[in-house]
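S.K.: Below are the sequence and a predicted model for it; my questions follow.
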2 protein chains.
Amino acid sequence: MRDEDKLDLIFGALANKTRRAILARLAEGEATVNELAEPFLNAPEDEKMSLPAISKHIKVLKRAGLIIRGQNAQYRPCSLNVAPLVAVSEWTEQYRHIWETSFDRMDTYINQLNLKEDDNE
Amino acid sequence: MRDEDKLDLIFGALANKTRRAILARLAEGEATVNELAEPFLNAPEDEKMSLPAISKHIKVLKRAGLIIRGQNAQYRPCSLNVAPLVAVSEWTEQYRHIWETSFDRMDTYINQLNLKEDDNE
DNA sequence: AGGTTAATTAACCACATAGTTAAATAAAGC
DNA sequence: GCTTTATTTAACTATGTGGTTAATTAACCT
């Protein structure tokens, strides 16, 4: 698979709040699926989620290379792999000169305006 | 919409090679839909794409706030808005200390191994 | 008014995501 | 061997993505 195409999987994996939360948790150290799921099992109604749902999210993260699975008895702990995040960082770097050169604050302003308009469409 | 949820749209918009190519083109200056579509209309078989396809991609990019539309006669030029890219950059920054502290090269190595294994699954 | 150009929308298809509940697998511990 | 614990898979539903071709809208130019 080409590097360019890996970015599809990586960005796709990051395009979900639950998965980003899982990564944030893994940044503090490896965890089992149950540990990762725990905060979602007993969560406010609108954020509640089942174990298989988390299991699927983990699959997506693994496919993107963002996590590595271990094996320890019946536990299959997840740990964060930062390499794809480095790839994302490098990708965004190519645009840095644009927002550092000139219309930084103005762009931000227009963007906020723009998102508000979108809400009415 | 919360900032956290905007990231869903932003990462989702970036999770596609065609859309990233459109952004790369826009980094060089504003362009009309036809101008953006041109390289895809006459492309090698496997990359060929129609105008409406590009139009849809632009819609996704606009929803994520990555492009701003102008209006000039029947032209509706697109221009890049970097604010969401700044948001992505800031999001990845929170992980930088992890890959800068220790197992940088090792993580990368494991990741590559990992992706190869995935191909066989 | 009629035609050209730019761009979007409609209607459709195939497939992926995101979730559910229920069943299956795998290893551990009596 | 049977039960418990950890995790995944199956089967299903609803919705989003990514593409197509054909039709529509919008503004310009004679």
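M.R.: Looks like it arrived, so ask away.
S.K.: Any regions of chain A where pLDDT drops low?
M.R.: Low-confidence segments of chain A (pLDDT under 70): A:102-121.
S.K.: mind saving the C-alpha coords of stretch A:62-78 as CSV?
M.R.: C-alpha atoms of stretch A:62-78 as CSV (Å, rounded to 0.1, in the frame of the first residue of the first chain):
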residue,chain,number,x,y,z
LYS,A,62,-5.5,-1.2,14.1
ARG,A,63,-6.1,-1.2,10.4
ALA,A,64,-4.7,2.4,10.3
GLY,A,65,-1.7,1.2,12.3
LEU,A,66,-2.5,3.5,15.2
ILE,A,67,-2.5,0.7,17.7
ILE,A,68,-0.7,-2.5,18.2
ARG,A,69,-2.2,-5.5,19.9
GLY,A,70,-0.4,-7.7,22.4
GLN,A,71,-1.4,-11.0,23.9
ASN,A,72,-1.4,-12.0,27.5
ALA,A,73,-3.6,-14.9,28.5
GLN,A,74,-7.1,-14.0,27.4
TYR,A,75,-6.2,-10.3,27.4
ARG,A,76,-5.2,-8.7,24.1
PRO,A,77,-3.9,-5.3,25.3
CYS,A,78,-3.8,-2.3,23.0
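S.K.: and the closest residue to A:Ala43 other than its chain neighbours, what helix or strand is that in?
M.R.: Among residues not flanking A:Ala43 along the chain, A:Met49 sits closest, at 7.2 Å (CB to CB, 6 or more residues apart in numbering or on different chains). Every C-beta, even on glycine, is put in place using the N, C-alpha and C of the backbone. Assignment of secondary structure by DSSP states H and E places A:Met49 within no helix or strand.
S.K.: Which residues are in contact with A:Met49?
M.R.: A:Thr18, A:Ala37, A:Phe40, A:Leu41, A:Ala43 (CB atoms under 8 Å, 6 or more residues apart in numbering or on different chains).
S.K.: Now the residue most central in space within chain A: closest residue in space that isn't a chain neighbour?
M.R.: Central residue of chain A (CA atoms, centre = their mean): A:Leu14, 2.8 Å from the mean position. Distances taken as CB to CB, 6+ apart put B:Phe11 closest to A:Leu14, at 4.3 Å, once the chain neighbours are dropped.
S.K.: Which helix or strand lies directly C-terminal to whichever strand or helix holds that neighbour?
M.R.: Assigned by DSSP H and E, B:Phe11 falls within helix B:3-14. Where DSSP H and E defines the elements, the next helix or strand beyond helix B:3-14 is helix B:17-26.
S.K.: Perfect, that will be all.
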